[in-house]
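Engineer: What would the 3D arrangement of this be:
(one chain, ligands or ions: 1)
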Amino acid sequence: MSENNIIAEFKGKNHFLSNFYKCDFVYNELTYHNAEAAFQAQKCATDEDRIKYTEVTNPVAAKRMGRKEPNLPENWNDISASIMKDILTAKFAVPELREKLLATGDATLIEGNKHHDNIWGCCTCDSCRAKNKPGLNRLGKILMDIRDSLS
Ligand SMILES: [Zn+2]
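Structural biologist: Model prediction:
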């Protein structure tokens, strides 16, 4: 793998890798308009509560709603990565998105951001970089895992 073969942020033509990308897909029998909404919906205890997330087209609004979910599972931090992988597996089962993901070849996928998210991504701000600890890039790793299993 060449060192240059890195997608360092999910913007522009690589925005489809972002959870904020708008695309309809089915997860656990409910249709969501973006992966963020599907993910936040899993903080709910019942499908009845999850339904409202199927109506949200704006991922920022979905994220905001998710912060206020009263029934957040106690072990959310332990299960959230595996939930994310299930959701993104469903998202990238959409043929058009599957093709786009496969077309990234063997590129390293890094969710570079500037909002200090070093769990799902890798913040590139001066202060985070000065700590000399790379972000965990959970999202990028999940996407690379899914790409491996598709190819
Ligand atoms: Zn930062």
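
Engineer: Which residue ranges of the chain form helices?
Structural biologist: 35-41, 47-54, 59-67, 76-91, 95-102, 126-130, 138-150 (DSSP state H).

Engineer: how many neighbours does the closest residue to residue 94 other than its chain neighbours have?
Structural biologist: With sequence-adjacent residues excluded and distances taken as Cβ to Cβ, 6 or more residues apart in numbering, residue 94 is closest to residue 25, at 5.2 Å. Bear in mind the C-beta positions are built from the backbone N, C-alpha and C, glycine included. Here the count is done by other Cβ atoms under 10 Å, and residue 25 has 19 residues near it.

Engineer: bridging residues for residue 25?
Structural biologist: residue 32 (DSSP bridges).

Engineer: Nearest to residue 14, out of the helices of the chain?
Structural biologist: helix 95-102 (8.9 Å; Cβ to Cβ).
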